[in-house]
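Novice: Structure for the following, please:
(4 chains)
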There are 2 protein chains.
Amino acid sequence: MPPSSRNEETLHHILDTAMDLFARDGFDSISMSAIAEAAGVSKANIFHHFKSKDELYIQSLRRACDASHSSLEAMANGEGDAWQRIEGFLRAHLHQMFQQSRDSRLILREVVENRPGTAQRLAQDVFRNNFNRLVAIIAECQRSGALRSTLDPVFVSTLLLGTNVFFFQSQEILQHLEGVDFGNDPDRYVRQFMDIFQHGTLPIENSQEEV
Amino acid sequence: MPPSSRNEETLHHILDTAMDLFARDGFDSISMSAIAEAAGVSKANIFHHFKSKDELYIQSLRRACDASHSSLEAMANGEGDAWQRIEGFLRAHLHQMFQQSRDSRLILREVVENRPGTAQRLAQDVFRNNFNRLVAIIAECQRSGALRSTLDPVFVSTLLLGTNVFFFQSQEILQHLEGVDFGNDPDRYVRQFMDIFQHGTLPIENSQEEV
DNA sequence: GTCTATATCGGGATAGAC
DNA sequence: GTCTATCCCGATATAGAC
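Specialist: Numbering: from 1, shown residues only, chains lettered A, B, ... in the order given. This is a model prediction of the structure:
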């Protein structure tokens, strides 16, 4: 194995280990010694590859962000009517969060942490593209007549994402509340949401009255 | 001033300061020295009142939980029809989160932190009562015919709370996304939600067809 | 009950051999 | 590029005077 390759591999391994630990316990809770031990290298070696703990964290976050830039393209190009595509998106998005739960947690931590300046960076670097894409898709669903045109597509997108994110972050707690039958069943959660969402966003053709 | 009173006052002041700092920066980021300085007392004094940093944190969390046990009673006894009461609840709840944002953040941190054993404790000690109460109210709205009876009241409650919590925790980021006109306007957020929620949960009297 | 001073430990980061 | 050994500082926590 060529030395340069070995180098890259070690660096990647350190970063990967760091992401695991940062995601699980947070920046301050994790020491460089802990990362070194978990990665099976010396502290000094880590400092050889990353000039500080902060930089290691930043790069962890960056990698998590890159990984999360994944596709709601499935939805854009998806098959079926608007509802099927939206439901497909919710399922795919939720599934992705759990599958890449390490990266998701890393970012979620950063959101809740709410350090000054972070919000704007996260908004622009991580969420912006996907969010705007989702807004565009919703707007398109409105133009096609599937969704009521009086709704704000930006709000609708926020509602969709929020519903998913809340489930992801609260799953543990939901499971400990009584009567929650969707606690470890994301699909069931999405289905119940869609039941309300679909009826709530349909064009009002026969102007229902309140009871 | 009697010495015992002075005592109580100092203890409360330390705890109050600690809650501020823990909520803002998290447990690990805040040192006892920082709390001591902010509270205007010596480190040793804090250790006199709290046997460890951990205990100080636990008590901070406990106080935050107590404070958050506030009323969705306003909703239970509220006036107006089911929709007005639900909207009133969402507004009151959101308002309360922001007003007691220190306590809310403290708890939210703990949720995201997801330390082993914490989820169950939080579920039982903090959320359980209010959650069950909300479920009961929703169920009552269903019995009265305002909400579709086929919906799971537990899910509906989760949706309501999740919508609010997500807004609270993501407000900073939402403000940095394009087209978000509810970023610093909780009432507007709630109103848009209610627009969808109400139509989505109404009994289906004339069985709308999908487009 | 409150302080100053101190003990002790673990943190991030560096030096220098290999 | 990787290691061992070390520096230095700030952290929690304690001792003991007032």
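Novice: so which residue of chain A comes closest to chain B?
Specialist: Each residue of chain A has a distance to chain B, by Cβ to the nearest Cβ, and the smallest belongs to residue A:200, at 2.6 Å. No exception for glycine: its C-beta is placed from N, CA and C like everyone else's.
Novice: Next up, identify which helix or strand that residue is on.
Specialist: Using DSSP states H and E, residue A:200 sits in helix A:186-201.
Novice: who touches that helix?
Specialist: A:83, A:86-87, A:90-91, A:94-95, A:98, A:147-148, A:151, A:156, A:159-160, A:163, A:167, A:181-182, B:151-152, B:155-156, B:159, B:195-202, B:204, B:208, B:210 (Cβ atoms under 8 Å, 6 or more residues apart in numbering or on different chains).
Novice: Which of those residues fall within helices?
Specialist: Assigned to helices by DSSP state H, the following of the contacts of helix A:186-201 qualify: A:83, A:86-87, A:90-91, A:94-95, A:98, A:156, A:159-160, A:163, A:167, B:155-156, B:159, B:195-201.
Novice: Enumerate the residues of chain A near DNA strand C.
Specialist: Taking Cβ under 7 Å from any atom of the strand as the criterion, the neighbours of DNA strand C within chain A are A:30-34, A:43-44, A:47, A:51-54.
Novice: try it again with 6 Å
Specialist: Within chain A, the residues that sit near DNA strand C (Cβ under 6 Å from any atom of the strand) are A:31-33, A:43-44, A:47, A:52-53.
Novice: DNA strand D next: which of the residues you listed are close?
Specialist: When Cβ under 6 Å from any atom of the strand is taken as the criterion, the members of the residues of chain A next to DNA strand C that contact DNA strand D are A:43-44.
Novice: Which of the residues of chain A next to DNA strand C fall in strands?
Specialist: For the residues of chain A next to DNA strand C, membership in strands holds for none, with DSSP state E as the criterion.
Novice: Buried only: go through the residues of chain A next to DNA strand C for me.
Specialist: In terms of neighbour count (16 or more other Cβ atoms under 10 Å in any protein chain shown), the buried residues within the residues of chain A next to DNA strand C are A:32, A:53.
Novice: Need the residues of chain A next to DNA strand C in TSV (columns: distance to chain B).
Specialist: As requested, the residues of chain A next to DNA strand C are exported to TSV (distance: Cβ to the nearest Cβ, whole Å):
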residue	distance to chain B
A:31	10
A:32	14
A:33	15
A:43	19
A:44	24
A:47	21
A:52	17
A:53	13
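Novice: Which of the residues of chain A next to DNA strand C sits closest to residue B:110?
Specialist: Out of those, the one with the shortest distance to residue B:110 is residue A:31. That distance is 21.7 Å, counting by Cβ to Cβ.
Novice: how's chain A carved up into domains?
Specialist: Under automatic domain parsing, the residue ranges defining each domain of chain A are A:3-65, A:70-201.
Novice: Burial-wise, tell me which of those domains comes out on top.
Specialist: Ranked by average neighbour count under the criterion mean count of other Cβ atoms under 10 Å in any protein chain shown, the domains of chain A are headed by domain A:70-201 at a mean of 18.
Novice: got a list of contacts for stretch A:103-121?
Specialist: Contacts with stretch A:103-121, where a contact means Cβ under 8 Å, 6+ apart, come from A:19, A:22-24, A:26, A:60-61, A:63-65, A:67-68, A:97-98, A:122, A:126, A:165, A:168-169, B:26, B:105, B:108-109, B:112, B:169-170, B:172-173, B:175-176.
Novice: and that stretch, what's its mean pLDDT?
Specialist: With pLDDT averaged residue by residue, stretch A:103-121 scores 94.
Novice: how about that stretch as CSV, C-alpha atoms only?
Specialist: Once non-C-alpha atoms are left out, stretch A:103-121 reads as follows in CSV (Å, rounded to 0.1, in the frame of the first residue of the first chain):
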residue,chain,number,x,y,z
ASP,A,103,-25.1,13.0,10.2
SER,A,104,-28.6,14.1,11.0
ARG,A,105,-27.9,14.3,14.7
LEU,A,106,-24.7,16.2,14.1
ILE,A,107,-26.7,18.9,12.2
LEU,A,108,-29.6,18.8,14.6
ARG,A,109,-27.3,19.4,17.5
GLU,A,110,-25.9,22.4,15.7
VAL,A,111,-29.4,23.8,15.1
VAL,A,112,-30.4,23.4,18.8
GLU,A,113,-27.1,24.6,19.9
ASN,A,114,-27.8,27.9,18.2
ARG,A,115,-24.4,29.4,18.3
PRO,A,116,-24.2,32.9,16.9
GLY,A,117,-23.6,32.9,13.2
THR,A,118,-24.4,29.3,12.8
ALA,A,119,-28.0,29.7,11.8
GLN,A,120,-27.2,31.7,8.7
ARG,A,121,-24.5,29.4,7.7
